[in-house]
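Colleague: have a look; sequence and predicted model below, questions after that.
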Amino acid sequence: MEMIDALRADAAKVLADGRAKVVIGYQARGDHRAPLFVTTADRAASLVYDDACKQNLAVYLRKPEVKLLGKAAVVASPAAMRSLVLLMSESQLTGDDALVLAVGVGEYHGVLELAQVAPLLKEKYAALAPSPELLREIEKLAAKTPEERAAFWAKQFAKCTRCYACRAACPGCYCTRCIVEKNVPQWISTAAAGHGNYAWNVIRAFHLAGRCTGCGACEAACPQGIPLMLLNVLLGQEVEKEFETKAGYDPEAKPVIGSWNPEDEEDFIK
Amino acid sequence: MKVIEANKLPGLAAALAGAGYRVVAPIRDGGEVRMVVWSPGAAIDTRAIPVNSAKDFLFPKAEIIGRCTLDGNDFRPEDVKPVAPKTVILAARPCDASAMLLLDAVFNWDYKDEFFNARRAATTIVSLVCTTADEQCFCTSVGGAPDATAGADGVLRQADGGRSFILEPLTEKGKAVAAAAGAALAEGQAKADAPVEVPVHFDAKAVTEWLGENFESPLWREVSLACLSCGACAYACPTCHCFDLQDEATRAESVRLRNWDTCGLALFTAHAGGHNPRPDQAARWRQRVMHKFSYLVERLGRLGCTGCGRCARLCPAGMAICETCREIDEARKAAVK
Amino acid sequence: MKTIGYFPGCSLHGSGRELDMSVKALARIAGVELKEVEDWNCCGASAAHNLNHNLAVALPYRDLALAEAQGLTEILAPCAACFARLKGTHVRVTRSPELAAQMREITGLEYRGTLRFVNVIEFIGRLIEGPLKGKLAPRLAGLKVAAYYGCLMSRGEDVIEDEDHENPDGMTAALEAAGAKVVDWNFATECCGGGFSMSNTDAVLDLSHELLADAEQAGAQAIVTGCPMCHSNLDMRQLTINQRGLGSHDMPVLYLSEVVGLAAGLEPKDMGLDRHFIDAMRVLDIASAAQTAQAAAAETAKK
Amino acid sequence: MARVGVFLCHCGENIGRTVDCAAVTAAAAKMPGVVHAVDYKYMCSDPGQQMIKQAIVEKKLTGVVVGACSPRMHEPTFRRAAAEAGLNPFLLEMSNLREHCSWVHEDRAKATEKAVDLVRVMVEKVKHNRKLHSIRVPIEPTAMVVGGGIAGIQAALDIANGGKKVILVEKSPSIGGHMARLSETFPTLDCSQCILTPRMVEVASHPNITLMAYSEVESVEGFVGNFDVTVRKKARYVDWSKCTGCGDCWAKCPVKKIPSEFDAGLGKRTAIYRPFPQAVPNKPVIDQEHCIMLTKGKCGACAKACQRGAINYKDQDELVKIKVGAVVLATGFDLWDHSAYGEYGGGRWADVIDGFQFERLASASGPTDGEIRRPSDGRIPQTVVFIQCCGSRDDKMGKAYCSKICCMYTAKHAMLYKHKVHEGRAVIFYMDIRAGGKGYEEFVRRAIEADGAEYVRGRVSRIYRRADGKLIVKGADTLAGRPMTVEADLVVLADAIVPRTGSERLAQMFGVGYDTDGFYSEAHPKLRPVETSAAGVFLAGACQAPKDIPDAVSQASAAASKVLGLFSKPELEREPIIARVNENTCVHCRACIAACPYGAIEDFEIKDRKGNVVKRVARVNEGLCQGCGTCVAICRSNSIDLDGFTDEQVFSEIVTLE
Amino acid sequence: MLKQQFARRFLSICAAGLRTRRADWDRTGLMAETETKKVEATPAVFEPKIVAFVCNWCTYAGADLAGTSRLQYAPNVRIVKLPCTGRIDPLFILKAFEGGADAVLVSGCHPGDCHYTSGNYHARRRWAIFRRLLEFTGIDMRRVFFSWVSAAEGAKFADLINRITADVRAAGPFERTNPARRRLWK
């Protein structure tokens, strides 16, 4: 059976069985892929899944209106599954909050309970890594002078309109009041330019340090094409190197920023 | 007939820049085409639909509209004049050009906005007749057309199968631009290419009517499920004009900023006391549609949508206002039956 | 381990012939090629460090550089002193760029620090875990042996890395594989007097005597060692010790490689077992006598 | 609108010499919000304070900045003055113009410029200060003492005699600890048990003390004044309320060969046992591991023997939750395991023993009735070698620190041995003799001079065991500069003192810090030696560092006085520098909960009127929060703020520095 | 780890000693001529503006000790006192740079010494990541300093401030290349 047929069959089944009230998946709209909320088994046939599905649907599990529909079964790639595990580790999701229609790399893993996600990831997708092109890009940038890097990012951040699509697309950005919206005192300048854009983009990346699961939804969401994954992946690598942990594999994981080890790196502290 | 070869468009830009214009044009940088200020060497691309709209140059995303200095307890307001350089926007899409008419109306409705008007007065818009479109384009559904010239001071028509362009001034401003172009434009003959065809997706009048009666429709929740609450659509929109005023201060000075804002964000209507009259995304999406297809029609007699399709192209969650309108249209038809 | 670099050093060509012979015999049946380092020179152990510290590093440095240049990655130095000098030099020059630079200048050769070093205990440990696994018979069952490590097989934190420096047990597995019983004794890491071999023979006699006496008290019927220096002190000097009236020792002293060779069924003479001062050939007889006695005892018990 | 008063102190000439105070005052007067600025020679003096008080009243000040010395010096002084004038003391801030400016800079212009900045920063900060009120926490006036050794006993008795209730938790079946195992004590050589047992009995009979023997702390919640400690009462299999301690049971127990812990393995005990005859409580427990009934399901000898029917093979562990206001940790020490020293036999030889084994050999109540007989063959050793610093002062193999008491007890051992075996030889290898203490040096001299102990300064490199059973001790006499060999019959190793196993887990439960060796960390090495970083948790005895009996007892009494001091008021007052959660914006990601060094942040469920959970959030426990602000910086949505150092305050400081 | 710390402290003391000696030497007049010339050539010495975020219990107290010991150091640093390094939000650093600081110093208790047991460990981890991000987005790491200074290290504090001031002075004003700087308003 084709992967997509199995996925559709499972979606129809969980709805028919009442195990889930809504299946969150993808639909095709021309070349675009848009989310599809399937609430009746007969509509499961509209689900699609292919490489064009860039959005991380885990993001919908926190949306109040979606929650009102009842328990969801969410179509999730390995990266999105890592997001689910991250959300579990941060008490945003618990055991029976959702089901997962687990789409792997080149195979389909069927309907999983949330508790089964981390074991699957550890077994099959422990080595998920950013693309070599991205890593090369980071290396290239890191090799430049601080002034060159500043110029590179100044050009990128200048495009930012502060639409916060990056934030909206990210399952990890689930704060109901983002720090950028805090105005007593004002943390980050509201103006979509210069220092405000620098601070916003730097802090956004920092708040995902040790939490980014590498799905790339933020970068895909950015209407201005800012290469946000350069920042996310840089920090992900740093965290992996220094603290030997990768986000989204352990539902019991302690937050990287929020825990410590006496042996942590400190050669920069003189 | 003023004609220019397609590959000489940069020459036109250079000539206009030389004549003291700030030249804004669709420039290709890497994978994307954006409306930006032309600089020597930049590649003008009239085929792709620019990511951003021409609005950015009349109503920027952030702007200082007030300033004061502080010296000890001494507080001194300063006069801030609009920054309004003489500008020509080359090859703006008709949907962007026609959006200017709505912006004009909004910024001069109950209050004449000094900053917008100064820039509007200094700006000449040379639109482009569309010979390309994509599946998100729906100008024809909202009263526009690929070859419409509303809001434009001049128009560029692609000709001879793309080898050249005809520049046709429409207003005095447009003529001034043509004159400033000087030798960059040659007098000659060319055959204008046919504009692209954009299918009609819905009946805008009917949508407006339906909206008037369906503030509480269950449809809103359904069509807004995917919406994630961000400003991607509004900030790409050529007509969205909501803004937020913010004061930011250091020890020595403070500025009043006018920043883009959007009804898509929860904070837009959040009250200080915690109440939010638009409590969920359904209410916010409804506002977006209502504003464009009902309130503005009612208030200014104009739709707040020119069918450029940017919002749908850029939406990270696959939302499309055209889609919503079509569903409304269908719901209406079903109801009539 | 198909091929390994081989550094015989002086003693394996002289007093330690048996070690050389037995190691080579073992390597042969295990199918390991020993590639002798070409143009090797003195490891610097015996006299060099008394004369000149630079010389004591430069000599082994040259060996290391040669071995590396010859494409070797691992060096087996059966002589414990050679092993200590070679590995010690490796540790020192890889830790100190200054010393490395000095040595480069003195020898005109470059050592990049890529070599690994194997002593006879580790080598045999690998053989019995690898190619000789299942090929050893407990031919020495019933023989009680004292495993003697001395200083060079037990000390030097950076040289002997995987041993308990006070109570080493690297030989135990090999000896037990050969069927021998390893006795609990006190002097496994004590000094044989090697450093005084030439200068203060009396001290050597005293030390070696104490060592032999403790082994006897512990019930050992043979001493097993890996170091040619220890071997020569213990084996060669027993007669002198007895002559001096310190004791009346008659203790065979074997190389570990010889013991394992016997277990592997090698001819004693091929390993030079007949070359010892104190008759070493008898260990097989002692073992077989003990085995017979035990069999008889078991028979009696059955009845 | 803020009305800030700025008061600049010249500190005699200390500030005025380098900083142009008049210029700073003039600059301050022009700062936004400042309505009053004066300078004065000594602001901390009575007239100076009076100036502040007067201005607060007359100028209706809403905030005060005092530019003077370090706030560590006089902040309490000025805050008290402000409070006396009716201004909330937390509306006063200090600019450090002396330690951070006038004393460290020479250039008058630059120092003055910096002083203006320092004042400005605090003016901006104080405008954002809020009135804060000391936090009052009720105190449960019951103390818990963990560990029933001499330190725990002393602390418990002192607290109990002070009129407060004490729960004494001891994990073994009897209190008494190591001291009960000692033969005599240095430097007076009085009998350890003779001086200890009356104290043990007093504990048992004291109306204010509840003794929980054979019990361990399982978990801890709460904070100073209000700890909720869960104690595991281990299954005893003997109903102590029925038991009279007659001894019929252990007389009948068929399992008699269990090495006695109390006798350091030299004596034997039965499976149902009391550790030693003077045990308190004097009641037996059944050793679950060795009892035939409990392991194999048959036997029942003790049940048959017990006339009171006190044996209960079905007994189970019981968890008891106890509310206490303060805790004294007195968990004591263990001896380091010398089997790591291969050169001393690696623990293989029976006649190489540790100090406790020697104590038991020398003790009249010990397995040899006080005769020094060596474990292997029971012979009286003619030569005993004592080796000091076994594992102590040995960074490589053992511990880097000096175990402090070994010099003294080794001298005592040598002395006791010589008193019992007059013709015997006692040879002591030592690195240094550290006999600092009242009568200690004299004691060591007596061991050498009167009792003839042979002190050899040097280390032992190796011990052999000869076939005849002699232990050949090879060492160096570094004073004589020669190697030395002693043929000994018994070797006593003075093993390093290490914290009790499991003490780290206990520290984690109570939030007490510990060092790399596992000893509990005092709050300040000099000035707060019995407090810990966890408020309301105090230390006594060797759990903090190696200690002899008088030191342990002193610290125990000190800890008891701290507890009584804490209990002297019904409520606790704390500085209100604590974190607060904005529950509207908190999304309960729990990062703060994981990060808080004090476990002061808790999960909290916000419920509607019907009791449905509307939202889960983090909530700060005011009693536990110490105000470090780590949670504040970790919170991504910035839903936590720290009173006294709010984001607004800090930002205004930073922005002011532009 | 302790040994490393010791070595580090020891080295910093040595470095301080060397500097003092060189300064003494300068005062002998041997270098006076060149000194004068230099002053003439660049009359305005660049005075860097450095913002220091320090904890109350160690570094602030260490700075107090530098004061009571009358150790002289450069007047270029402005201290913002927090209870603990754990309180220092990454945005504090950004804010300081936004406001035109030429450098930022973060300093607190040595590992194991934290008054709050582990605030400094949290801070250390935070900075390990955040500094990479700053570096990658174009903030020169010669502008960000981290140091452990205990309440007993008055000399280390004075030396640290002198070293930082000298380093930043050598690096020059950050105004032009500072990516976080507030520029929009001008």
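Modeller: All right, it came through fine. Note that the structure is a prediction, hence the values are computed from the model and not measured.

Colleague: list the contacts for the closest residue to chain B within the stretch 201-303 of chain C?
Modeller: With C-beta to the nearest C-beta as the measure, C:G226 is the residue of the stretch 201-303 of chain C nearest to chain B, at 68.3 Å. In short, each C-beta sits where N, CA and C put it, glycine included. Residues in contact with C:G226, defined by C-beta atoms under 8 Å, 6 or more residues apart in numbering or on different chains, are C:P78, C:A80, C:N119, C:V120, C:I121, C:Y149, C:M153, C:M171, C:Y255, C:L256, C:S257.

Colleague: leaving out chain neighbours, which residue sits closest to it?
Modeller: In space, and not counting its chain neighbours, C:G226 is closest to C:V120: 4.5 Å by C-beta to C-beta, 6 or more residues apart in numbering or on different chains.

Colleague: how many other residues sit next to the one you found?
Modeller: For C:V120, the count of nearby residues is 29 (other C-beta atoms under 10 Å in any protein chain shown).

Colleague: ok, now D:R308?
Modeller: Counted by other C-beta under 10 Å, the residues lying close to D:R308 total 14.

Colleague: residues touching it, list them.
Modeller: D:K242, D:C243, D:T244.

Colleague: narrow those residues to those in strands?
Modeller: Among the contacts of D:R308, no member falls in strands (criterion: DSSP state E).

Colleague: quickly name whichever of those is closest to E:S107.
Modeller: D:C243 (61.6 Å; C-beta to C-beta).

Colleague: run through the residues that contact the closest one.
Modeller: Per C-beta under 8 Å, 6+ apart, neighbours of D:C243: D:K283, D:P284, D:C306, D:R308, D:A310.

Colleague: now do the last one against C:T300, distance only.
Modeller: Between D:A310 and C:T300 the computed distance is 55 Å (C-beta to C-beta, to the nearest Å).

Colleague: quick one: which of these two has more around it?
Modeller: For D:A310 versus C:T300, neighbours defined as other C-beta under 10 Å are more numerous around D:A310 (22 against 8).

Colleague: so what's the closest residue to the more buried one other than its chain neighbours up against?
Modeller: Nearest-residue entry for D:A310: D:K242, 3.8 Å, with adjacent residues in sequence omitted and distances by C-beta to C-beta, 6+ apart. Taking C-beta under 8 Å, 6+ apart as the criterion, D:K242 is in contact with D:R308, D:G309, D:A310.

Colleague: which pLDDT does the model give the residue nearest to C:G226?
Modeller: Per-residue confidence (pLDDT) for C:V120: 92.

Colleague: that one contacts C:R126, doesn't it?
Modeller: No. With contact defined as C-beta atoms under 8 Å, C:V120 does not count as touching C:R126 (10.8 Å).

Colleague: give the contact list for the residue in the stretch 51-200 of chain B that chain D sits nearest to.
Modeller: Closest contact between the stretch 51-200 of chain B and chain D, by C-beta to the nearest C-beta, is at B:G72 (3.9 Å). The contact partners of B:G72, taken as C-beta under 8 Å, 6+ apart, are D:K30, D:M31, D:P32.

Colleague: would you confirm that the last one contacts B:A252?
Modeller: What that stands for is D:P32. No. The criterion here is C-beta under 8 Å, and D:P32 misses it with B:A252 at 10.9 Å.

Colleague: spell out the secondary structure type for the residue of the stretch 101-250 of chain A found nearest chain E.
Modeller: Chain E sits closest to A:A150 of the stretch 101-250 of chain A, with a gap of 2.7 Å, by C-beta to the nearest C-beta. At A:A150 the chain is in helix, as set by DSSP: H, G, I helix; E, B strand; the rest coil.

Colleague: that one and E:P179 touch, don't they?
Modeller: Yes. The pair A:A150 and E:P179 qualifies as a contact (C-beta under 8 Å) at a distance of 4.1 Å.

Colleague: what do D:P32 and B:A252 both touch?
Modeller: Contact criterion C-beta under 8 Å, 6+ apart; residues shared by D:P32 and B:A252: B:L70.

Colleague: how about the residue in the stretch 151-270 of chain A that chain C sits nearest to, what does it touch?
Modeller: Chain C sits closest to A:D267 of the stretch 151-270 of chain A, with a gap of 19.6 Å, by C-beta to the nearest C-beta. A:D267 is in contact with no residue at all, counting by C-beta under 8 Å, 6+ apart.

Colleague: a strand runs through it, doesn't it?
Modeller: No. Using three-state DSSP, the assignment for A:D267 is coil, not a strand.

Colleague: what is the nearest of the contacts of D:C243 to chain E?
Modeller: Taking the contacts of D:C243 together and measuring to chain E by C-beta to the nearest C-beta, the closest member is D:K283, at 40.0 Å.

Colleague: ok, the closest one to D:Y214 distance?
Modeller: For D:K283, the distance to D:Y214 - C-beta to C-beta - is 9 Å.

Colleague: now D:R120
Modeller: D:R120 is 64 Å from D:Y214, by C-beta to C-beta.

Colleague: those two: which is more packed in?
Modeller: Of the pair D:R120 and D:Y214, D:R120 is the one with more neighbours under other C-beta under 10 Å, namely 24 against 20.

Colleague: what strand or helix carries that one?
Modeller: Using DSSP states H and E, D:R120 falls within helix D:108-127.

Colleague: same for that helix, what does it pack against?
Modeller: Helix D:108-127 sits against strand D:4-9, helix D:21-29, strand D:63-68, strand D:92-96, helix D:647-656, strand E:77-82, with contacts defined as 3 or more C-beta pairs under 8 Å, 6 or more residues apart in numbering or on different chains; DSSP states H and E.

Colleague: still on that earlier bit, tally of neighbours for the closest residue to the residue of the stretch 101-250 of chain A closest to chain E other than its chain neighbours?
Modeller: Leaving aside its chain neighbours, A:A150 sits nearest to E:G138 (2.7 Å; criterion: C-beta to C-beta, 6+ apart). Look at E:G138: counted by other C-beta under 10 Å, it has 23 neighbours.

Colleague: same check on A:V111?
Modeller: A:V111: 18 surrounding residues under other C-beta under 10 Å.

Colleague: C:C42 now?
Modeller: For C:C42, the neighbour count with other C-beta under 10 Å is 18.

Colleague: measure it to chain B for me?
Modeller: Distance, C:C42 to chain B, by C-beta to the nearest C-beta, to the nearest Å: 67 Å.

Colleague: low-confidence ranges in the stretch 151-300 of chain C?
Modeller: The stretch 151-300 of chain C contains no residues with pLDDT under 70.

Colleague: doesn't D:V328 fall inside a helix?
Modeller: No. D:V328 is assigned strand when assessed by three-state DSSP, not a helix.

Colleague: what's opposite it in the beta bridge?
Modeller: When bridges are called by DSSP bridges, D:V328 pairs up with D:V145, D:F538.

Colleague: tell me which residue in chain B sits closest to chain C.
Modeller: B:G30 (44.8 Å).

Colleague: neighbours of the closest residue in space to that residue that isn't next to it in sequence, just the number please.
Modeller: In this structure, B:G30 finds its nearest non-sequential neighbour in A:G225, 7.9 Å apart by C-beta to C-beta, 6+ apart. Counted by other C-beta under 10 Å, the residues lying close to A:G225 total 16.

Colleague: thank you, goodbye.
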